[in-house]
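> Just need the structure, nothing else, for what follows:
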Amino acid sequence: MASNYEEAEDERLSDFSDTDTDAPSDDQSNSDSDQAPSGTQQVCQYYNNGNCHYGKKCRDLHVCKYSLKGTCRYGAACRLKHIQGSDLSSGHNDRGRRSHGKKRQRYRERSSSSSSDDGGWSGKPYRWQLDLGNGWEDVAHDHILEAQYSRPNTKGIRIYNTPCGALSIDFTKMHILKKTNLRVRRKGCRQTEWLWHYRGNHGWYQYGEKDSQGKASPVSGSTLEKEFQKNRQGVVKFTIDSTNYEIRFKDMCQKNLSTGHRRRIRRRPKYESPSGGGIRTLTKAFTNLTSISPKKAPLWQFGGQRGHWHSFTNRGACSVSSADIEAEYQRNPQGSINFTVNGDRYTIDFSKMTQTNLKTNTTRKVQRV
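Purely as a prediction, here's the structure:
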């Protein structure tokens, strides 16, 4: 689906979130998140708190989280849904009295990125997908997204030539910037090895490894991952040279308990290159895909007489060029742009792909080639 990719790092892309947290956001992020103990679906915490505003449209599992552990004290009298473990691992969402087949299909379309699918992944422990309005679809060359996502200093990536134009993906919040109707997710599996990093004075360092001063944190990434899996809102405390620190998973930060100083932390997967590939394959693919050829830049044209098409240019009486139109289209593919030609006002409707003279209401077709 996407062909060209451009890396975006902390210091070089102001569009990306400055919250510097990989914690799930209030809008129920699509990133890897809480899993049900007896299965691989994500349990909706908002439903358990009685305030999920998505209702039946929620992509997460509406089920009593205590019933999954077998510790619900209300039993059959519980006001929340109870579901058997076999149903959970089968992919059932159990909303209403729909058939099991329909529920399974709906869950496959809406399942969160924490879902596990060990089969048919071409040897990869991950799968990147986009929902551009017609359901989830796999992203082509997603090993490039995975390679950039695995780097703790990379906040996001920009992908090109999707049906909706260029898209900027924010890794820290796992959403698409300025496109509230579009979604992105990373589907992982149990084989994923997660690494933990903290922001030091001279870059990012992995927990358990030595920093620029030769000092290593006494807590390892594997320890953090185990604690994170036990409680994703939990806290881990440790000591370095009689100084006490704590790591808060909810805020994704490390805090010096004496001074109150905080450092950002990030949880990123260990990169697994595609089978049969390697660093050379990745480098070649990344180089090719991040190079945007001017010849492939979209060209905007309007229909003329006898079926001829004419390109927009602002070298004459027209106030906009094809590049100006493309820039506005990239900002909002369903929007419009106004311009003038010899003093007459026109508008282009991107959703209808038409150009209209606002004085005479004459309409022409436009195309993006």
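> who's Y245 bridged to?
Listed by DSSP bridges, the beta-bridge partners for Y245 are F238, N256.
> Against G214, how distant is F238?
18 Å (C-beta to C-beta, to the nearest Å). Where you see a C-beta, it was placed from the backbone N, CA and C, and this is true even at glycine.
> hang on, Q301 in a strand?
Yes. Assessed by DSSP: H, G, I helix; E, B strand; the rest coil, Q301 belongs to a strand.
> related to what we said a few turns ago, please say which of F238 and G214 ends up with more neighbours.
F238 (16 against 6; other C-beta atoms under 10 Å).
> Report the contact partners of that one.
217-219, 244-247 (C-beta atoms under 8 Å, 6 or more residues apart in numbering).
> Let's have the residues you listed in JSON lines, adding distance to S321, neighbour count and pLDDT.
As requested, those are exported to JSON lines (distance: C-beta to C-beta, whole Å; neighbours: other C-beta atoms under 10 Å; pLDDT from 0 to 100):
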{"residue": "S217", "distance to S321": "54", "neighbour count": "22", "pLDDT": "82"}
{"residue": "P218", "distance to S321": "59", "neighbour count": "12", "pLDDT": "89"}
{"residue": "V219", "distance to S321": "56", "neighbour count": "20", "pLDDT": "91"}
{"residue": "N244", "distance to S321": "60", "neighbour count": "12", "pLDDT": "94"}
{"residue": "Y245", "distance to S321": "55", "neighbour count": "20", "pLDDT": "94"}
{"residue": "E246", "distance to S321": "55", "neighbour count": "13", "pLDDT": "96"}
{"residue": "I247", "distance to S321": "51", "neighbour count": "24", "pLDDT": "95"}
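> What ranges in the stretch 51-200 of the chain fall below the confidence cut-off?
For the stretch 51-200 of the chain, the stretches with pLDDT under 70 are 74-77, 83-123.
> before we move on, could you check phi and psi at R267?
phi -110, psi 110 (degrees, to the nearest 10).
> which of the contacts of F238 lies closest to E137?
Closest to E137 out of the contacts of F238 is I247 (36.1 Å), distances taken as C-beta to C-beta.
> List the contacts of the helix or strand harbouring the closest one.
Using DSSP states H and E, I247 maps to strand 243-248. Contacts of strand 243-248 with the rest of the structure, by C-beta under 8 Å, 6+ apart, involve 219, 224, 235-239, 253-258, 265.
> And the most centrally placed residue in the chain, how far from I157?
With distances taken as C-alpha atoms, centre = their mean, the residue of the chain nearest its centroid is M174 (3.2 Å). To I157, M174 is 12 Å away according to C-beta to C-beta.
> next one: A297
20 Å.
> between those two, who's got more neighbours?
Higher neighbour count among A297 and I157: I157, with 24 against 10, using other C-beta under 10 Å.
> for that one, helix, strand, or coil?
Criterion first, three-state DSSP; result for I157: strand.
> Look up how far F171 lies from it.
Separation of I157 from F171 (C-beta to C-beta): 7 Å.
> Quick check: neighbours shared by these two?
148-149.
> For the stretch 201-350 of the chain, which segments count as helices?
221-230, 279-290, 322-331 (DSSP state H, counting those that start in this stretch).
> buried set for the last one?
To tie it back to what came earlier, the one meant is helix 322-331. 322, 324-326, 328-329 (16 or more other C-beta atoms under 10 Å).
> Next, the contact list for T239, please.
218, 245.
> Please renumber the chain so that the first residue is 26 from this point on.
Will do, 26 is the new start, and the previous item becomes T264.
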